[in-house]
Structures are given as C-alpha cells and as structure tokens.
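Student: Only the shape, not the letters, is given here:
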C-alpha cells in the first residue's frame, strides 16, 4: 500500500492485479489481465478504478497502475489541486 497526504489527511492507495489461467501445451499458465486501484481514508473506500487488459495488449504493471489510479481519482471527486498532490506523491515514491 502507498500512503499519500492530501489536505492533512493520510490516504492509502492499494493496487491489485487480477490474473487468469490459460491452458497451454506446457500446462496451465497464469497471465495478468487487470489492475484495480482503491483509495482509502481510515478503512473507507473513497474511489476505485479498474483497468482491463485487451487481448492484443502486453501487460505492464506501471501503465496499469497509472490508468487505474486515474480512474480512482476521478471517482473520489477530488478537485484538480488534490489530484495533483496525489500524483506528485505517487511519482516521488
């Protein structure tokens, strides 16, 4: 979990990566297929963003985190200044 401070409130940002199992000639293999980002304030979810991988795309953890964080921030209703604070702390980690 990543912790950021917005307007003197500490928020937690949690990322989860979903996986699917595909059968191959070498047996079952797991592949990442989505990234979920949740923003918490004292155990209460403020917003969640989910990004699903297209079958033609290659999974990249950083790109999935950024896109899901963007969606989670949009769901929180934060203004531009608050979102900027989160992004600066996210990139500084």
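Tutor: Structure's in. What do you need? If you're wondering where the values come from, they're calculated on a predicted model, not measured in any experiment.
Student: From the chain's centroid, how far away is stretch 51-65?
Tutor: 11 Å (Cα atoms, centre = their mean, to the nearest Å).
Student: Rounded mean pLDDT for it, please.
Tutor: Averaged across stretch 51-65, pLDDT comes to 87.
Student: in it, what's buried?
Tutor: 51, 53, 64-65 (16 or more other Cβ atoms under 10 Å). Yep, even glycine has a C-beta here, placed from its N, CA and C like the rest.
Student: Stretch 84-93 now?
Tutor: Using 16+ other Cβ under 10 Å as the test for burial, stretch 84-93 gives 85-86, 89.
Student: Which single one of those residues is nearest to residue 41?
Tutor: residue 86 (12.1 Å; Cβ to Cβ).
Student: Pull the most distant pair out of the buried residues of stretch 51-65.
Tutor: Most distant of the buried residues of stretch 51-65, by Cβ to Cβ, are 53 and 65, 13.0 Å apart.
Student: now the helices: where do they sit in the protein?
Tutor: With helices called from DSSP state H, the chain shows them at 61-76, 80-92.
Student: now the angle between helix 61-76 and the shortest one, please.
Tutor: Looking back up the chat, that one is helix 80-92. 160 degrees (axes from the mean of the first three to the mean of the last three Cα atoms, to 10 degrees).
Student: any residues touching helix 80-92, and which ones?
Tutor: Residues from elsewhere that reach helix 80-92 (Cβ atoms under 8 Å, 6 or more residues apart in numbering): 2, 4-7, 11, 13, 39, 69, 73, 78.
Student: List buried residues within the residues you listed.
Tutor: Among the contacts of helix 80-92, the ones that count as buried (16+ other Cβ under 10 Å) are 2, 4, 6, 11, 13, 39, 69, 73, 78.
Student: Dump these to a markdown table, plus distance to residue 21 and pLDDT.
Tutor: Shown next, in a markdown table, are the buried ones among the contacts of helix 80-92 (distance: Cβ to Cβ, whole Å; pLDDT from 0 to 100):
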| residue | distance to residue 21 | pLDDT |
| --- | --- | --- |
| 2 | 28 | 92 |
| 4 | 34 | 94 |
| 6 | 38 | 92 |
| 11 | 33 | 95 |
| 13 | 28 | 96 |
| 39 | 29 | 96 |
| 69 | 27 | 96 |
| 73 | 31 | 96 |
| 78 | 37 | 94 |
